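**Q** Fold the following and give me the result.
(2 chains)
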Amino acid sequence: MATDAAVNKLNELPPEMIEFALLKTTGALAPRLGRISLAGRKTILTPGFIGNTSRGVIPHISPDNFGKSVDLNGVYIPLEDFVEKHPQKIPPVFKYDVPEALRKFIALPDDRLLILGARRNPPIPSPVANTNTEVGLSTSVGFKQMSSEYYGAAVRKLQPDIVIGLADIPFGQASVGTKRKDKMSDRTELWLRDMIARKESLDKDEKSWAIFAPILPIERDLQSWYLEHIIDDMVDKISGVAIYDTYLLDDLPDQLHHLPRLSFHAPASPHELLRQTSLGMDLFTVPFLADATDAGIVLDFTFPAPKKDESSSTRRTLGIDMWHEDHACSVIPLSDGCTCYACTRHHRAYLQHLLAAKEMLGWVLIQLHNHAIMADFFTGVRASIQAGTFDADVAAFEAYYEPSLPEKTGQGPRIRGYQFKSEEHAKKDKKNPKAYKKFDDAKILELKAAHGQQPNKKPGMRDVIDDEALLGLVGMQNQDDGRMQDLRLEDDPKA
Amino acid sequence: MAPVSIPSALSFELLGKCSVTKARAATLHLPHGPVPLPIFMPVATQGSLKGLTPDQLEDQGCRLCLNNTYHLGLKPGQATLDAIGGAHKFQSWPHNILTDSGGFQMVSLLKLAKVTEEGVRFLSPHDGSPMLLTPEHSISLQNSIGSDIIMQLDDVIATTSPDFERMKEAMERSVRWLDRCIQAHKYPERQNLFCIIQGGLDLDLRRACTAEMVARDTPGIAIGGLSGGEAKDEYCKVVDTCTGLLPEKKPRYVMGVGYPEDLVVSVALGADMFDCVWPTRTARFGNAVTSSGVLNIRNAVYAEDFGPIEEGCQCTCCRSPADGGLGITRAYIYHVTAKETAGAHLLTMHNVHYQLNLMRLAREAILEDRYPQFVKDFFSKLYDGQKEKYPSWAITALKGVGVDLLSD
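**A** Purely as a prediction, here's the structure:
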């Protein structure tokens, strides 16, 4: 049987070898079906997606919830989330002396594929320019530089399953000159060779990894040398390609078509995912999932789209704004028929409450749901390609749903450092609204009096309002109390 | 007035008593299942425990948690709770819930509130409009919430208040309000109303109040008004005095208490139930509760510490992957805490587990009649064997129930 043969073949491969089987393809620039397998890891069917992590977790999803409630067979981890101590100190994770240190560190289940790259997706543009030997990174404590050599050593220590070659891409630069583009391909090639050399220098019993070669977001003739060199003497050393601009897939040489394609071209909507898929992209990280979650938007779409109701001329929204008070008494699941953890255990009323109360669980549940919606979406995409109805299904999807996700209306969780771009640092506005506002003098006097009774000896904490105490003072009537959310937690005396 | 006997929706199964101290081990059978006593109850203020799913809370061993009546009364509001069918359905929590009546908030913000016989008149800190909360209103809300244990509205003033007359008035009013709560309670057959003993730090007032409250024969009894910044010696005297006058066959709940040493001493003084936001709140500041003290994992010394949060801990984070846990290291907590919400979730799980497990171990020790030794071992571990660091209030309180912490 074909599957048995595939399994046997897999067993014969060295353990680090990624196998990519193209199950169906209808030529260049067309959707295709594939399967990425690695011994010991769950198989990833493509087109598909992997988790986009921040500091080792998909935002809001603790590792136990990831293991139990997220149907994802791989994650993307950016190294820049782990090296803020570099170069003054050796980043802690490098000192974790266990096999597969990164996987153990973040408590990633053994059966999930781990893909390591240098930058987050999407990356925050770094004002530190790339040089011939180093790329700029954005870490939690500021912008840093990292050399190709350092990257190679990190990969050897952290032992991912797949590493993305270091790419010289000036993120955030509106226009890039031709000379700069030449440099991009020269450096990227050099750095890719470094990684291959590093892999070949491994000891026999050391865990190896697979390499995905970056394909630059520039025209083919400007990276032709690089591409030719990949074909001439690196093609059997790489296991996939990382694509930074899907619309240049046309330029991808035929000799690289057998390799899996990981997209770093961040899609803004499911429509864009379909467009990239239609051009032959295989694997995605989907940053808009976490954005929707933070905005309190519950994704609500399926592929193929349901049958269109002919009597309705308006298109359906792609997501439900869970902040909306209409949901306050609604005891139905987030999406009809969804089987995710949030939909099977909870209802819209609770989600609306959690968001309004700014309880962290709201974002946990929406994130779980949004990932489940995306997993079902890709299952539908694969079935559609298999059935040969993909183009028609895409057209129907576009006719059925609005072209973009709904606008954010509610407040998200506190903005984390990686969520604003460097140029925003220059702005005077607060990234997060003030935790509480200044009251007038009379009110201050009143509150101070109340606070005199708080058993808090820390002078710095005396003026901070105890949320649990203050909230209790509000009357029983439902009332819109905007300032409620502005109250800050009192630090606790032992903290 | 004549005591009103009310039905009870719980049964208290006393399983063992310490032969030295006043500690007791029991099983409390509540409408949503049995819970072991002594017990720590984590506080899910607004119907969720700080980022944890009900399953995660359950995984840490929790079968009884708190909701706050005021918060749920405000959001989602009584109408929504009625429409949905109560707080269990609302938050998909299949186990027990206890709701606080909110009296505690008055301790810290008394000057914004005016207590009359009718109820508590609040001045909203938001728009300055007057609000009135009566015992009837509080019970009505808790009936809508459907919690397994509901608390009477009480007149709480800071225990540190020097005004004896006001303290006495508050105590007496709390008794009168209990009668109104009992009258207003619609579902005594499925919700257990607990009275709350008041009286500040005055032991005679406490005794008088205890006698009045016990006469009302509520299914359980709480000792309230404490944990408001009073000296720990005074706190222990109040708990000791009250438990000495309480019937043996009823659960005793000391409200708002949560530091591990407070729990261990209060159990020795005969208390059974505790709640506090501290373990979960402190988790969000990066603090881990362990048997050797509180560790702030945001401290750089933990950046390269690849041990578990606490060696041997069986929480989801600390348990090894071989045992179905995550094998999370202190270094990873350091890496993720305050940067991703998941960091708070991890520490919250650990801290809740620590508190619940501490009470589980205490219960085992009581059942095997070795609680005095358990208490000694606990303090020795917490203070690394340095007896000179033991808090004097704990030494005194424990001496009062026959345990000499300083002896070997």
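**Q** Please tell me the pLDDT value assigned to residue 263.
**A** All of this is about chain A. Reading off the confidence values, A:Ser263 has pLDDT 97.
**Q** let's do chain B instead
**A** At B:Leu263, pLDDT is 98.
**Q** Please state the backbone phi and psi of it?
**A** phi -60, psi -50 (degrees, to the nearest 10).
**Q** and it, how many neighbours does it have?
**A** By other C-beta atoms under 10 Å in any protein chain shown, 23 other residues sit near B:Leu263. Quick note: C-beta positions are derived from backbone N, CA and C, even for glycine.
**Q** show me what contacts it?
**A** B:38, B:40, B:257, B:274, B:355, B:358-359, B:362 (C-beta atoms under 8 Å, 6 or more residues apart in numbering or on different chains).
**Q** let's see it at 10 Å
**A** Shown in contact with B:Leu263 (C-beta atoms under 10 Å, 6 or more residues apart in numbering or on different chains): B:38-40, B:254, B:257, B:271, B:274, B:276, B:355, B:358-359, B:362, B:378.
**Q** likewise B:Pro31?
**A** B:9-10, B:88, B:96-97, B:146-149, B:187, B:189-192.
**Q** The stretch 1-150 of chain A: strands as residue ranges?
**A** When secondary structure is read from DSSP state E, counting those that start in this stretch, the stretch 1-150 of chain A shows strands at A:19-25, A:32-37, A:44-46, A:48-52, A:74-78, A:113-117, A:134-139, A:142-147.
**Q** Leaving out chain neighbours, which residue sits closest to residue 98?
**A** Since you didn't name a chain, this refers to chain A. A:Lys104 (5.1 Å; C-beta to C-beta, 6 or more residues apart in numbering or on different chains).
**Q** that's the other chain; I wanted chain B
**A** The spatial neighbour of B:Leu98 that comes closest, neighbours along the chain excluded (C-beta to C-beta, 6+ apart), is B:Ile149 at 4.0 Å.
**Q** neighbours around B:Leu64, how many?
**A** 25.
**Q** for the residue nearest to it when sequence neighbours are not counted, what are its contacts?
**A** Nearest residue to B:Leu64, sequence neighbours excluded (C-beta to C-beta, 6+ apart): B:Asn96, at 4.1 Å. B:Asn96 is in contact with B:10, B:28, B:30-35, B:41, B:62-66, B:88, B:147-149, B:192, counting by C-beta under 10 Å, 6+ apart.
**Q** Can you read off the pLDDT for B:Asn96?
**A** pLDDT, B:Asn96: 98.
**Q** measure it to B:Val35 for me?
**A** From B:Asn96 over to B:Val35 the distance is 6 Å, taken as C-beta to C-beta, to the nearest Å.
**Q** which residues do the two both contact?
**A** In contact with both B:Asn96 and B:Val35: B:10, B:28, B:41, B:62-64, B:148, using C-beta under 10 Å, 6+ apart.
**Q** In strands, which of those fall?
**A** B:28, B:41, B:64 (DSSP state E).
**Q** Would you mind measuring from the closest residue to A:Thr285 other than its chain neighbours to A:Val75?
**A** Leaving aside its sequence neighbours, A:Thr285 sits nearest to A:Asn52 (C-beta to C-beta, 6+ apart; 4.0 Å). Separation of A:Asn52 from A:Val75 (C-beta to C-beta) stands at 8 Å.
**Q** How about B:Pro94?
**A** 32 Å.
**Q** Of those two, give the one with the bigger neighbour count.
**A** When B:Pro94 and A:Val75 are compared for neighbours, A:Val75 comes out ahead with 25 against 11, by other C-beta under 10 Å.
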